[in-house]
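1. 3D model of this:
(chains A and B)
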Amino acid sequence: MGDILGLVAKRLGLGLVTLLVVSVLIFFAVELLPGDIAQAVLGQMATEETLARLREELGLERPAVVRYFDWLAGAVTGDFGTSLIDGEPVTAKITDRFVSTLFLAAYAAVIAVPFAITLGIVVALLRNSIFDRVANVVTLTSISSPEFFLGYILILYLAVKWSMFPAIASISSGMTFLELLERTFLPALTLVLVVTAHMMRMTRAAIINLLASPYIEMARLKGAPPWKVIVRHALPNAWAPIINVVALNLAYLVTGVVLVEVVFVYPGIGQLLVDAVAKRDFPIVQACCLIFAATFILLNLAADVGAILTNPRLRHPK
Amino acid sequence: MSKFHNKGVLLEIRGLKIDGYSDETWVPIIKGVDLTLRRGEVLGLIGESGAGKSTIGAAAMGYARDGTRISEGSIEFDGMELTTATSAEKRALRGSRIAYVAQSAAASFNPAHKLIDQHTEAPLHYRIKKRMEAQEDAMELYERLRLPNPREIGFRYPHQVSGGQLQRAMTAMAMSCRPDLIIFDEPTTALDVTTQIEVLAAIRDIVDQFNTAAVYITHDLAVVAQMADAIKVLLKGEEVEHASTEKMLDAPEEDYTKSLWAVRSFKRPQKSRPEDESKPVISVQGVDAAYTGGAKVLDDVSFDIYPGMTVAVVGESGSGKSTAARVITGLLPPMKGEVLCRDEALPPRYQDRTRDQLRQAQMIYQMADTALNPKSRISDIIGRPAQFYSGLKGQALKQRVDELLDLIELDPASFYNRFPPELSGGQKQRVGIARALAAEPEFIICDEVTSALDQLVAEGILKLLDRLQQELGLAYMFITHDLATVRSIADEVVVMQNGKVVEQGAKDEMFTPPHHPYTDLLLSSVPEMDPNWLTTLLEERGVDNIGEAARV
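-> Modelled structure (predicted):
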């Protein structure tokens, strides 16, 4: 087990380094804007005095490197500065939104991951059958359609025509958990439709890829029925690629939900990011980007660790 | 066969034809084979790769591999016709009444499960035994097959157990439901000679003890002679000859069978070191080496290779033969010691070597399949080193490639533009040789170049290497675990064990006693074409003194 802990520590360290590099990119990307932040916020029409005042307020006269380390030190302690628009602390603005986004992502993931993997196993078992083809076509269609389109289709049928679920996913703090689930069902379903195909197809491919292995032939020649060949003999060896795709899709659920949040007017971090970009509220943009990057890195790290843990060679060294 | 005449027929195959799917059509690969197996009888199926041995073995279980189909004939197992049986009926036989032992146990055990869980899968599935009973039985079988720590070894994962042990564990697994018939598909081909003996002895014992019938598939005549009561020789999906083992060995009738028997006849005169002052083309001096973070793989290894000579490096897998080659080529810088080329020290890392130094150490690999880029034309594969080392271009390059193809006896006109997957195993290996020659080296490392090839094809490759040596004055470092190959082509022999050189010298000295005990173990472990060889050897060594137990 010591080896595995070492590996995890190493990956974690690498992840932190990556995050640091990303933070540099995020911070200095804003610096690359024509003019400076004050100019960008106030626009072309600003007078010299207002510009100078804002610059002083933001501490822009200090060198960029100093400001970067200031910002980084704040970010590490959870302080992302204040909004340029209303002067409120960024962290407070983001926290609620991020929790909402995580809730929606978790909701979609809890449905999509087991569903996609089970479906992947079933289509691997029934490969090249009608069911396999239908499942492939349907999931491919859903992944190929833009999510706002899928969202509107779902709203049209499930909300407008049959009135089964609310079209707008507005939530408030007083709601019970069940109410929350009902309100956010349509955005969650949209996300499920978007991410299922990828995970299902990778599960299918990873399993079928192994079916030519000698140990699969051995299992067949031991008289194992087809489902057992797949579930007991192929699946345990197919986890590594499956876990990777699952992690990628989970990351997408957190960072790629902007459109879905807009369609369903869901108060998540994606909407906040869109608003902040429109209003040039850079501290919020930077904070969101850093959170997205951290999510990506963390989930990929989890995938690496998961792949290690499912590898018997690493779990049980000689 | 007389011994089994009064026994009931267990397996009867009549006029079996099997098609394989290739290039979008079905082509016959088994063209009407008959086979009768009585209870307790062991039949050897022998032939080169592509002869259809394994396909027939699988068909005996009513199983057609992906891309094959049984098109005609009947397969009757104990009164049940398998060609018309439903898949559920056939499945019910597999593992319970007919079991299978695969060529590579390392690949055929599922890496994700413990050995004993794989062992007990069939008995639990067929509800023959309860889990605890099945585990007890597994341990008992492990003990009978002389596995070390029989009560504990089953709880390991396949990668934690050595190849020879895995192969015995797989034989134990095949026995788990006490089947009437076991198909052994080249069970010892992937093993070292010393390990092969213990597996052969274990298989033979257990088949005797339970009076199990068996089909023993192999390409090694000497092995089949130890195991089988009768032998059937196959060639390209057809039967060539069928007779009892004694008769087949003493008086083979067909020319093809005779040619198989005579295959090891190639021998060339042994050369000795040059008398004059010429320097060794490669001299390995006191080399220690290890892979990152691992234990020492080479321990104070020294040997010289003189121009125009063939030095065979022999030893079991893991003895450090290939690592020595990696040190010479600069792929693995040594921890200690150095490699000299004509008295000039070579930089330890290949990145630091000059083109001319790189040219001196070319390699030919064991698996021509994986050593050639399947997406490159033959002309590119051979042309690239010619271009890199000699700077040839255009017409001159094409001419050089043609010359090289001529050297390896492949017609330039028909091979120039082809891709490796279109070639046979022997042809691919020839291309590998041409690629090494393209650098115009003085010294080539041949890493088990014939061990993946059939005997007839391997002999052709050995003859080619010998001719090239004479024509071009090449020196070879010939890495092999096959002592028959050493006998036929080596001038000097270096015996390695656990990363150390245990003995080295001229070939004829090495093959005449007294030997180092390890050399002796290696030499005596090579199967001979005498049906009583294994029995005699086991009597000499004592049952508990074979294989790993006999290690010195």
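2. okay, now the nearest residue in space to residue B:256 that is not next to it in sequence: neighbour count?
-> In space, not counting the residues next to it along the chain, residue B:256 is nearest to residue B:240; the distance is 5.1 Å by C-beta to C-beta, 6 or more residues apart in numbering or on different chains. From N, CA and C alone the C-beta is placed, and that goes for glycine too. Residues near residue B:240, counting by other C-beta atoms under 10 Å in any protein chain shown, number 19.
3. just for the chain, where's the confidence low?
-> No chain specified, so I'll use chain A. Applying pLDDT under 70 to chain A flags residues A:1-2, A:33-36, A:40, A:318.
4. Oops, wrong one, chain B.
-> B:1-6, B:262-266, B:293, B:542-552.
5. Spell out which residues make up each domain of it.
-> Domain assignment for chain B by automatic domain parsing gives B:1-94+B:229-262, B:282-512.
6. Quick one: closest of these to residue A:80.
-> Counting by C-beta to C-beta, residue A:80 lies closest to domain B:282-512 out of the domains of chain B; the figure is 42.0 Å.
7. Report the contact partners of residue 311.
-> Assuming you mean chain A. Residue A:311 makes contact with residue A:240, according to C-beta atoms under 8 Å, 6 or more residues apart in numbering or on different chains.
8. sorry, should have said chain B
-> By C-beta under 8 Å, 6+ apart, the neighbours of residue B:311 are B:303, B:305, B:475-478, B:490-494.
9. a strand runs through it, doesn't it?
-> Yes - counting by DSSP: H, G, I helix; E, B strand; the rest coil, residue B:311 is found in a strand.
10. distance of it from chain A?
-> Separation of residue B:311 from chain A (C-beta to the nearest C-beta, to the nearest Å): 32 Å.
11. Equivalent analysis for residue B:515, please.
-> In terms of C-beta to the nearest C-beta, residue B:515 sits 32 Å off from chain A.
12. Okay, and the closest residue to that residue other than its chain neighbours sits in which element?
-> Nearest non-adjacent residue to residue B:515, counting by C-beta to C-beta, 6+ apart: residue B:523, 6.6 Å away. Under the criterion of DSSP states H and E, residue B:523 resides in helix B:517-524.
13. for that helix, which positions count as buried?
-> B:518-519, B:521-524 (16 or more other C-beta atoms under 10 Å in any protein chain shown).
14. for chain A, what are the nearby residues on chain B?
-> When proximity is defined as C-beta under 8 Å from any C-beta of the partner chain, chain B approaches chain A at B:58, B:61, B:63, B:65-66, B:91-96, B:99-100, B:102-104, B:107-113, B:121-122, B:125-126, B:156-157, B:159-160, B:173.
15. So among these, which ones count as buried?
-> Buried by 16+ other C-beta under 10 Å: B:58, B:61, B:63, B:91-96, B:99-100, B:102-104, B:107-113, B:121-122, B:125-126, B:156-157, B:160, B:173, out of the residues of chain B next to chain A.
16. what's residue B:76 sitting at in phi/psi?
-> phi -110, psi 120 (degrees, to the nearest 10).
17. Residues in a beta bridge with the closest residue to it other than its chain neighbours, which ones?
-> Nearest in space to residue B:76, with sequence neighbours left out and distances taken as C-beta to C-beta, 6+ apart, is residue B:12 at 4.5 Å. For residue B:12, the beta-bridge partners are residue B:36, residue B:76 (DSSP bridges).
18. Tell me how many other residues surround residue B:12.
-> Neighbourhood size, residue B:12 [other C-beta under 10 Å]: 17.
19. For residue A:204, what is the enclosing helix or strand?
-> helix A:185-210.
20. hmm, that helix touching chain B?
-> No - Helix A:185-210 lies apart from chain B when judged by C-beta under 8 Å from any C-beta; the minimum separation is 9.8 Å.
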